[in-house]
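Chemist: Can you look at this prediction? I've put the sequence above it.
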Amino acid sequence: GSQFTLNINDGKGNLSLHSKWDFGIESFSYKKLEPNKSISNYLKDCKEFSKKKPLGFFSCAENSRYKIANFWYKETPLTLIYDKNDGKNIIIEKFKEEIDFGFSHIDENYCYLLVPMNDIHSVVNESILNQTNKDILNSLNEEDNPVIVKYRFKQL
């Protein structure tokens, strides 16, 4: 449902609302969950809610142009990208190259994603790489350390 990031803003540990993702009638409210249930019951409830409503934000970031959030909706990881310049947004599940989009950090030009080797082919495939990077990708194996994938923002 609605997602927000919190900032500690006064040095005393007080938190303030920074951003709120509002999906209108599709928003999920945690107030709907019954109090004092076991964690396993909450997880079961959340799984059911996520079949109908956006839920489970796992990353949220922004730069001077974009606000981006990854979340679960209908048991699928999705990415919402909001363009601050024109007020438009887009929701994507995969890139046209059939690779997943996720991020750990963003700056003005790039999104960065730390990827374990057993997941590398879900976020990178040979169709988007030059020959040097294809050779690097083909030389990696599952025992290697995670790699950082860097996606460049397209200049419009």
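Modeler: Received, thanks.

Chemist: hmm, which helix or strand of the chain has the shakiest average pLDDT?
Modeler: Taking mean pLDDT, DSSP states H and E as the measure, the chain has strand 3-8 as its least confident helix or strand, at a mean of 45.

Chemist: In this structure, where is pLDDT below threshold?
Modeler: 1-30, 32, 50, 53, 55-56, 155-156 (pLDDT under 70).

Chemist: next helix or strand past the top helix by length along it?
Modeler: Ranked by number of residues, the top helix in the chain under DSSP state H is helix 39-50. Moving toward the C-terminus from helix 39-50, the first helix or strand encountered (DSSP states H and E) is strand 55-62.

Chemist: strand partners of that following strand, parallel vs antiparallel please.
Modeler: Sheet pairing for strand 55-62, assigned by DSSP bridges, gives strand 66-73 (antiparallel).

Chemist: ok and the partner strand relative to helix 39-50, angle-wise?
Modeler: Here the directions of strand 66-73 and helix 39-50 differ by 110 degrees (axes from the mean of the first three to the mean of the last three C-alpha atoms, to 10 degrees).
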